[in-house]
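> the sequence and its predicted three-dimensional model are supplied below.
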There are 2 protein chains.
Amino acid sequence: MSSREAAGDPVRRRRSGTRSVTLQDVAAIAGVSAQTVSRVLRIPDEVSPETRDRVRTALREAGYVPNLSARNLASNRSKIVATVIPSLSASIFSETLTGLSSVLAPEGYQLLLGYTDYDDKREEELIRSLLGRRPDGFFMTGALHSPAVIKMLKASRVPVVETWDWIDTPLDTLVGFSNEDAMYAMVSSLHEAGYRAPCFVGSLLEGDHRSRRRLDGYLRAVGTYWPGREPRVVDASAYPLALESGARLLEVARQAHPESDVLVFSTDIYANGALLAATSRGIAVPEEIAVAGFGDFELSRMLRPALTTVALPNTTIGQEAARMLLTRMRGERPERTKVDMGFEIRRRESA
Amino acid sequence: MSSREAAGDPVRRRRSGTRSVTLQDVAAIAGVSAQTVSRVLRIPDEVSPETRDRVRTALREAGYVPNLSARNLASNRSKIVATVIPSLSASIFSETLTGLSSVLAPEGYQLLLGYTDYDDKREEELIRSLLGRRPDGFFMTGALHSPAVIKMLKASRVPVVETWDWIDTPLDTLVGFSNEDAMYAMVSSLHEAGYRAPCFVGSLLEGDHRSRRRLDGYLRAVGTYWPGREPRVVDASAYPLALESGARLLEVARQAHPESDVLVFSTDIYANGALLAATSRGIAVPEEIAVAGFGDFELSRMLRPALTTVALPNTTIGQEAARMLLTRMRGERPERTKVDMGFEIRRRESA
DNA sequence: AGCGCTATCGGTAGCGCTAACAGAAGACCT
DNA sequence: AGGTCTTCTGTTAGCGCTACCGATAGCGCT
């Protein structure tokens, strides 16, 4: 202001700024106030058609791109959904992400992605940094979290949807299925098919909660069908999530429990790797050893023998979770805060 | 309102705000100014040890989570790298993302992810919305973009790294390889191995630029080794990127060009699907028909026969691109703005 | 004692936007 | 005619943070 020329003139601060086009610039071109431009962007119906057109022309002419940080700060809404997955490379989650994004993107939400690498400590840091963006919603893979995580999320009052698991009291909402029941059902199915010596092969990694829940289901099934029997278990924690590991684990399992008649893997990746290795080495599946998986990847039904496995609602979990979040983000209460998406045993040739 | 009773009392505006802990709150607890708290977070060395400890205690006690939107607005840095990939489900890019993130995360950068589904129009909208967050850097898959995209990115003055392709004049920096040369090399290798009737099978989709470049390489090779010969090409655009499609395309290609002795697929996904289908149907590979792929997925070397394919620097592209961005985001000029990560022909049993 | 320096802290303006209010102009009603 | 209501636009005050500048105290040195 020129009124500050006088003696006690306060210092004139200059900040670099974005040096990109602002609402003010557009307003100047269109000959209206910044507020009106803002309205054209957010609630065009409340602006008269003539001004609206004029402003829109100015917007195009100036090449305006709204600064969402500023919008976020002023409106207290970020249009961001923070998304926590265990790993980028596990293709299984990418289907869930696709489902999630396909529902959220049309509503103008962006996904801010982070992965934990199955490490609880990393999850904690990740969530802290994601919370910094003040997301409108939180998508979590898994439903077992450290007290620190729970505390942070509760304190933030952000709508949260937990997925891919099943617990009694979710943080906020839950869209998933019971890994334990699914594995139990798998072993039941194998028992029914006549198998008598199953061996569980899966990650017992600290941070891989879903794999542990599958183990729980396996243990419970063994308790039911072979009471008193020491369960056969092979820990796969040391093996990366890759087909190659499945090949190795086939060896390890047959060494550790030669009497096993079926290997029950905690994921299709291992199972398919084992299947491929068995074929290469001339081990007959399912005659010599049967194989079962978890996840029903596309490869699982393409291989010969095709893999017996548990089909999971990969994509639909993402879509349903997105709908749940949308409801919560509108401030409404969904009819049900827990949705069981179920699972399905797929009996094929491998077992 | 009771607060406005007084005569000249200026209107007292109340905004809801985040209602979460702010710097002010922490400052009040620690008995210092907000500015000092801010310094403890950003440049702790400039604060005396005693105050620093006091502030840190207060930060913990209050459960402070910085509002990055506000920080972004004030500092004009977002610590966000916008990341554009064609598809979430193409596992091949997830490796690149892992590489990217593994280098950027330790530096405090978050990935804001978007995917285009191989659609140029969607890419444009996506980039506009990503730019709204004022990212510090831009990671692009591919190097061929619409004029509108180029204009927006140039205007934003954000460091950009294009990847997975090779062109003369990148927008800013480029970390990739030549899809055309790679495919040319593959066909050369097949020619050298004695194949005489190759057939290209791949997406000719408008937005799938990399696949088209592979076709270009194929066409050039045919021109070199079989001058005058009409190139055999099967358009796979209508088939989703899945193993199942490979099975179908095997049929289609053998129908369309029965005399082909080798099918050259634009991606390992199709190629592996074809391989699996051939095995199921008793078609001998490579005797009856040989198969070559592009990408070298893990499955490709696990199958029997193992797939002859082109190995690409999936993960290292991400890492190198991240380093490139870091340099540019520091405002420095990298020694080279174009880095060729190369490729490698992997001769295996399928061809 | 006075000077210049550094280390440490606080005050203030402003980043670009929107919520909340205010006001003008016309439409409509009694 | 006067009042009320609606439609449209502008003004103002923040949102939570950091850049920028100043102020103060303490230090070593002449």
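It's in. All values derive from a computational prediction rather than experimental measurement.

> can you pull out the helices in the stretch 1-150 of chain A?
Using DSSP state H, counting those that start in this stretch, the helices of the stretch 1-150 of chain A run over residues A:23-30, A:34-42, A:49-62, A:68-75, A:91-104, A:120-131, A:147-156.

> go through the last one and flag the buried ones.
Of the residues in helix A:147-156, those buried by neighbour count under the rule 16 or more other CB atoms under 10 Å in any protein chain shown are A:149, A:152-153, A:156. C-beta: built from backbone N, CA, C; applies to glycine.

> then stretch A:124-141?
Applying a neighbour-count criterion of 16+ other CB under 10 Å, the buried positions in stretch A:124-141 are A:124, A:126-127, A:129-141.

> interface residues of the stretch 51-200 of chain A facing DNA strand D?
Contact residues (CB under 7 Å from any atom of the strand) of the stretch 51-200 of chain A with DNA strand D: A:51, A:70, A:73-74, A:76.

> of these - the most surrounded one?
In terms of neighbours by other CB atoms under 10 Å in any protein chain shown, these top out with residue A:73 at 20 neighbours.

> ok, now which ones touch it?
Listed by CB atoms under 8 Å, 6 or more residues apart in numbering or on different chains, the contact set of residue A:73 reads B:67, B:69-70, B:73.

> residues touching the residue lying closest to it once chain neighbours are set aside, list them.
Spatial nearest neighbour of residue A:73, excluding adjacent residues (CB to CB, 6 or more residues apart in numbering or on different chains): residue B:69 at 4.9 Å. If a contact means CB under 8 Å, 6+ apart, then residue B:69 has A:69-70, A:72-73, A:78, A:133-134 as its contacts.

> ranges for the strands of chain A?
Counting by DSSP state E, chain A has these strands, from start to end: A:80-85, A:110-115, A:137-141, A:160-163, A:173-176, A:198-202, A:232-235, A:262-265, A:290-292, A:309-311, A:338-340, A:344-346.

> show me the contact partners of the fourth one.
Outside of strand A:160-163, the residues that reach it under the criterion CB under 8 Å, 6+ apart are A:96, A:137-143, A:153, A:170-176, A:317-318, A:321, A:324-325, A:328.

> now do the third one
The contact list for strand A:137-141 (CB under 8 Å, 6+ apart) reads A:81-86, A:93, A:96, A:100, A:109, A:130, A:153, A:158-164, A:171, A:321, A:325, A:328-329.

> sheet-wise, list the partners of it with their directions.
strand A:80-85 (parallel), strand A:160-163 (parallel) (DSSP bridges).

> I'd say residue A:222 and residue A:216 touch.
No - counting by CB atoms under 8 Å, residue A:222 sits too far from residue A:216 to count as a contact (10.8 Å).

> show me which of those two is the more surrounded one.
Counting neighbours by other CB under 10 Å for residue A:222 and for residue A:216 shows that residue A:222 has the greater number, 21 against 16.

> show me what contacts the spatially closest residue to that one that is not a sequence neighbour?
Closest residue to residue A:222 apart from its sequence neighbours, by CB to CB, 6+ apart: residue A:231 at 4.4 Å. Contacts for residue A:231 (CB under 8 Å, 6+ apart) come out as A:200, A:218-219, A:222.

> what bits of chain A have low per-residue confidence?
A:1-18, A:90 (pLDDT under 70).

> what does the one residue in the stretch 101-250 of chain A that gets nearest to chain B show for phi and psi?
Among all residues of the stretch 101-250 of chain A, residue A:132 sits closest to chain B, at 4.0 Å; criterion: CB to the nearest CB. Note on residue A:132: backbone dihedrals following degrees, to the nearest 10 are phi -60, psi -30.

> check contacts around it.
In this structure, residue A:132 makes contact with B:65-68, judged by CB under 8 Å, 6+ apart.

> leaving out chain neighbours, which residue sits closest to it?
Nearest non-adjacent residue to residue A:132 (CB to CB, 6+ apart): residue B:68, at 4.0 Å.

> just checking, the one you found touches residue A:133?
Yes - between residue B:68 and residue A:133 a contact is recorded at 5.2 Å, counting by CB under 8 Å.

> one step back: buried deepest among the strands paired with strand A:137-141, which one?
With neighbours taken as mean count of other CB atoms under 10 Å in any protein chain shown, these reach their highest mean count in strand A:160-163, at a mean of 28.

> just to revisit the earlier point, which of the contacts of residue A:132 are buried?
The neighbour-count criterion (16+ other CB under 10 Å) marks B:65-68 among the contacts of residue A:132 as buried.

> circling back to that earlier point, let me have the strands of chain A in CSV, extended by distance to residue A:30.
Formatted as CSV, the strands of chain A follow (distance: least, CB to CB, whole Å):
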stretch, distance to residue A:30
strand A:80-85, 29
strand A:110-115, 28
strand A:137-141, 34
strand A:160-163, 41
strand A:173-176, 43
strand A:198-202, 62
strand A:232-235, 66
strand A:262-265, 63
strand A:290-292, 66
strand A:309-311, 55
strand A:338-340, 47
strand A:344-346, 57
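
> nearest to residue B:304, out of those strands?
strand A:290-292 (16.5 Å; CB to CB).

> the closest one packs against which elements?
Contacts of strand A:290-292 with other secondary structure elements, assessed using 3 or more CB pairs under 8 Å, 6 or more residues apart in numbering or on different chains; DSSP states H and E, are made with helix A:179-192, strand A:262-265, helix A:268-281.

> so which elements touch the shortest one?
In this structure, strand A:262-265 makes packing contacts with helix A:179-192, strand A:198-202, helix A:243-256, helix A:268-281, strand A:290-292, judged by 3+ CB pairs under 8 Å, 6+ apart.

> now do 7 Å
In terms of contacts (3 or more CB pairs under 7 Å, 6 or more residues apart in numbering or on different chains; DSSP states H and E), strand A:262-265 is packed against helix A:179-192, strand A:198-202, helix A:268-281, strand A:290-292.

> how about those in a markdown table, adding mean neighbour count?
Conversion of the helices and strands packed on strand A:262-265 to a markdown table gives the following (neighbours: other CB atoms under 10 Å in any protein chain shown):
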| stretch | mean neighbour count |
| --- | --- |
| helix A:179-192 | 20 |
| strand A:198-202 | 26 |
| helix A:268-281 | 24 |
| strand A:290-292 | 28 |
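
> nearest to residue A:39, of these?
From the helices and strands packed on strand A:262-265, taking CB to CB, the stretch that ends up closest is helix A:179-192, at 49.1 Å.

> and that closest one, how far from the chain's centre?
With CA atoms, centre = their mean, to the nearest Å as the basis, helix A:179-192 stands 24 Å off its chain's centre.

> for that helix, list the C-alpha coordinates in PDB.
C-alpha atoms of helix A:179-192 as PDB (Å, rounded to 0.1, in the frame of the first residue of the first chain):
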ATOM      1  CA  ASN A 179      -7.900 -65.100   6.600                       C
ATOM      2  CA  GLU A 180      -8.200 -67.600   9.400                       C
ATOM      3  CA  ASP A 181     -11.600 -68.900   8.300                       C
ATOM      4  CA  ALA A 182     -10.400 -69.100   4.700                       C
ATOM      5  CA  MET A 183      -7.400 -71.200   5.600                       C
ATOM      6  CA  TYR A 184      -9.500 -73.300   7.900                       C
ATOM      7  CA  ALA A 185     -11.900 -73.900   5.000                       C
ATOM      8  CA  MET A 186      -9.000 -74.800   2.700                       C
ATOM      9  CA  VAL A 187      -7.700 -77.400   5.100                       C
ATOM     10  CA  SER A 188     -11.300 -78.800   5.600                       C
ATOM     11  CA  SER A 189     -11.600 -79.100   1.900                       C
ATOM     12  CA  LEU A 190      -8.300 -80.900   1.700                       C
ATOM     13  CA  HIS A 191      -9.300 -83.200   4.500                       C
ATOM     14  CA  GLU A 192     -12.600 -84.000   2.800                       C
END
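
> circling back to that earlier point, restrict the contacts of residue A:73 to those near DNA strand C?
Of the entries in the contacts of residue A:73, those that also sit close to DNA strand C under the rule CB under 7 Å from any atom of the strand are B:70, B:73.

> spatially, which two of the contacts of residue A:73 are the most separated?
Distance extremes for the contacts of residue A:73: the farthest pair is B:67 and B:73 at 9.4 Å, using CB to CB.
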